[in-house]
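Participant: When you get a sec, could you give me coordinates for this:
(2 chains)
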Amino acid sequence: MIEFQQVSKNYYDKPALVNTDFHLQRGDMAFLTGHSGAGKSTLLKLIMLMERPSSGKVIVDRQDLSQLSRAQVPAHRQKIGLVFQNHQLLLDYSVFDNVALPLKISGYNERDSGRRVRAALDKVGLLDKEKLSPSVLSSGEQQRIGIARAIVNKPKLILADEPTGNLDPALSGEVMRLFQQFNQVGVSVLIASHDLDLIQRLPHPVIQLKQGHLSGPFAMAGH
Amino acid sequence: MAVTKQAPHNASRTKPESAGKRLLREHKEVALQSWRRLWLSPLANLLTWLTLAIALTLPASLLLLLSQAQHLGPQLNQEHQVSVFLVPNATLKQGQLLSQELLAWPDIAKVTYISADQALGNFKTSSGLADILDSLTDNPLPATLLIAPENTAQTPPAVAQLTQQLRQLTLVDQVLVDMAWLDRLQAILAASQRVTYSLAFLLALGVLLVVGNTVRLQIESRKQEILVIKLVGGTDAYLRRPFLYAGFWAGLFAAVLAWLIIQLGVSYLHDPLRQLAQSYQSQWQLQGLGWVGSLVLLATSCGLSLLGASLTVGRQLRLIEPQ
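Facilitator: Sure, this is the predicted structure:
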């Protein structure tokens, strides 16, 4: 699903990623860990095409990303469900409209979109909150809205950047269980997190980044 | 929080929709949405629309005045006559012969012969100086031919040429054409036209800048939303659309306001201008914009605003990229 081939990324001659190789197979779920500044966000940004690698090749869903022009970036992003640490919800949109945003962009009509939004909200257990503003919800609920938005378009791949960063252990466990459930129905999931306690309790491989270098057992060709 | 079994990939939609139909529906949605957004900050929008309306009103009303003042010239010109004064010793017979000869000229429509005696008689009754004129031994007035040029020869150069030809006749002493004021009117109109065009050009630029700046501020205030939309895969076209509609609505409202201002101005100026025209024996009246004028105003305003928005929106949206 995601393949990095000798990928390096420098910011003003400072290396953020150095000759990184890894392969996340279709349907896999893995964690990406490392101290802040170890290159986690850089790696996610390369997958989202928010950045381009200085060298090497990034392949997502069999598509070599270097082949994509600026105009093709939106279509690429539509295929990925993205979950943020600070949820990135729009506070002047209702919960429903926040979740519906990716569908609106993809051109769904109101009826199909409504059906899917409610299904996604049902999955994260917030169906009864659709008319509220996200600002009145708890941070755990906000994060789940963010997850509903990420899955509403039924993506093949979910990327999450510190999705439990602002949550207490109980809520964190709940959010992780959600990701596991999506993984069980075939969605590939890559979660950047430094919550080592949580990660170690879960049976998923861990990609470890240290100052831009990959380390740990995952380094080559999956698990 | 149970996950129901579902296909992980894009499932087919219930009803396939043609691309054209989808685009139309999306445009309708965005148009409505940007319309609703207008009323979230009505005062700020109203001020923008008024600024645009004033920028439109000035050149539009000047153009309106100019286009109607150009009808003013020929209308007055039609009543114009060339006065030909004959030499003092010209006989009655010579005068009548000459007037018949002139009538045959292609540029002349009508010739009225006024003999010296007739002229004196007219002058006596119109001036009220009968007693003084009676005391004169000689008639000081010459015989006169009043010549009305053909309609085709009403233009200033044609009248000037006719005058030149008349002066060369031996019996003719003097030819009077009061062309100067007509020339001046034409010159004033020509100059005002250029002033108006320059003004219209500058104010059109002003409209572009005002709309561009308004859209820039709108984009700035919705930066977070744009970032999120870009991250979840919003295309440039999708992002541009609401701002283009905002520009369009601004143009529409500005046109409506400008139209109102112009029509009010026309009704305010109508009577005094008609009186002025009447003092020159003209039936000229100031007209409002009419259908064509109103549509031109509307199209210009919407077009300029849309252009202003589209010139800004692409550049501004490129500046906002998720980091």
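Participant: Which single residue in chain B comes nearest to chain A?
Facilitator: Residue nearest to chain A within chain B: residue B:233 (3.4 Å; C-beta to the nearest C-beta). Backbone N, C-alpha and C define where each C-beta goes, glycine included.
Participant: give me the beta-bridge partners of the most centrally placed residue in chain A?
Facilitator: Taking C-alpha atoms, centre = their mean, the centroid of chain A lies closest to residue A:159, which sits 1.4 Å from it. Beta bridges link residue A:159 to residue A:82, residue A:190, judged by DSSP bridges.
Participant: Just to check, it is in contact with residue A:47?
Facilitator: Yes: the pair residue A:159 / residue A:47 is scored as a contact, 6.2 Å apart, by C-beta atoms under 8 Å.
Participant: joint contacts of these two?
Facilitator: Applying C-beta atoms under 8 Å, 6 or more residues apart in numbering or on different chains, one finds that residue A:159 and residue A:47 are jointly contacted by A:80, A:190.
Participant: where's the spatially most central residue of chain B relative to residue B:277, distance?
Facilitator: The centroid of chain B falls nearest to residue B:63 when counting by C-alpha atoms, centre = their mean (2.4 Å). Noted for residue B:63: a distance of 19 Å to residue B:277, by C-beta to C-beta, to the nearest Å.
Participant: helix or strand for residue B:186, which one?
Facilitator: Using DSSP states H and E, residue B:186 sits in helix B:180-221.
Participant: What's the first helix or strand after that helix?
Facilitator: The C-terminal neighbour of helix B:180-221 among helices and strands, as given by DSSP H and E, is helix B:223-231.
Participant: export the helix or strand where residue B:125 lies as CSV, just CAs?
Facilitator: Per DSSP H and E: residue B:125 is located in helix B:116-127. The C-alpha trace of helix B:116-127 is given here as CSV (Å, rounded to 0.1, in the frame of the first residue of the first chain):
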residue,chain,number,x,y,z
ALA,B,116,-34.4,95.0,-48.7
ASP,B,117,-37.8,96.5,-48.2
GLN,B,118,-39.3,93.4,-46.6
ALA,B,119,-36.3,93.3,-44.3
LEU,B,120,-36.8,96.8,-43.3
GLY,B,121,-40.5,96.2,-42.7
ASN,B,122,-39.8,93.1,-40.5
PHE,B,123,-37.2,95.0,-38.6
LYS,B,124,-39.6,97.9,-37.9
THR,B,125,-42.2,95.6,-36.5
SER,B,126,-39.8,93.4,-34.5
SER,B,127,-37.6,96.2,-33.1
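Participant: which residues touch it?
Facilitator: So helix B:116-127 is in contact with B:114, B:129-130, B:133-134, B:139, B:141-144, going by C-beta under 8 Å, 6+ apart.
Participant: Figure out how far stretch B:312-319 is from the centre of its chain.
Facilitator: Chain-centre distance of stretch B:312-319: 35 Å, with C-alpha atoms, centre = their mean, to the nearest Å.
Participant: anything in it near chain A?
Facilitator: No: Stretch B:312-319 does not reach chain A (C-beta under 8 Å from any C-beta of the partner chain); its nearest approach is 9.3 Å.
Participant: what is the mean pLDDT for stretch A:96-108?
Facilitator: The average pLDDT for stretch A:96-108 rounds to 92.
Participant: got a list of what the closest residue to residue A:60 other than its chain neighbours touches?
Facilitator: Nearest residue to residue A:60 in three dimensions, chain neighbours excluded: residue A:2, at 5.6 Å (C-beta to C-beta, 6 or more residues apart in numbering or on different chains). Applying C-beta under 8 Å, 6+ apart to residue A:2 gives the contacts A:22-24, A:47, A:58-60, A:157, A:188, A:190.
Participant: can we see that at 7 Å?
Facilitator: Shown in contact with residue A:2 (C-beta atoms under 7 Å, 6 or more residues apart in numbering or on different chains): A:24, A:47, A:60, A:190.
Participant: can I get these in TSV with pLDDT, neighbour count and secondary structure?
Facilitator: As requested, the contacts of residue A:2 are arranged in TSV below (pLDDT from 0 to 100; neighbours: other C-beta atoms under 10 Å in any protein chain shown; DSSP: H, G, I helix; E, B strand; the rest coil):
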residue	pLDDT	neighbour count	secondary structure
A:24	89	24	strand
A:47	93	24	helix
A:60	93	24	strand
A:190	94	25	strand
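Participant: Out of those residues, which comes closest to chain B?
Facilitator: Within the contacts of residue A:2, the smallest distance to chain B is 12.2 Å, found for residue A:47 (C-beta to the nearest C-beta).
Participant: Kindly report the residues of the stretch 201-323 of chain B close to chain A.
Facilitator: By C-beta under 7 Å from any C-beta of the partner chain, the residues of the stretch 201-323 of chain B that approach chain A are B:224-225, B:228-229, B:231-235, B:238, B:322.
Participant: Which members of these are the farthest-apart pair?
Facilitator: Farthest apart among those by C-beta to C-beta are B:224 and B:235. That separation is 18.5 Å.
Participant: Name the residue in these two with the higher neighbour count.
Facilitator: Each of residue B:224 and residue B:235 has its neighbours counted (other C-beta atoms under 10 Å in any protein chain shown); residue B:235 has more, 19 against 14.
Participant: Give me the spatial nearest neighbour of that one, chain neighbours excluded.
Facilitator: Spatially, and ignoring its direct neighbours in sequence, residue B:235 is nearest to residue A:74 (4.3 Å; C-beta to C-beta, 6+ apart).
Participant: next one: residue A:18
Facilitator: Computed as C-beta to C-beta, 6+ apart, the closest residue to residue A:18 that is not its neighbour in sequence is residue A:212, at 4.4 Å.
Participant: and if you look at residue B:274?
Facilitator: Closest residue to residue B:274 apart from its sequence neighbours, by C-beta to C-beta, 6+ apart: residue B:285 at 5.2 Å.
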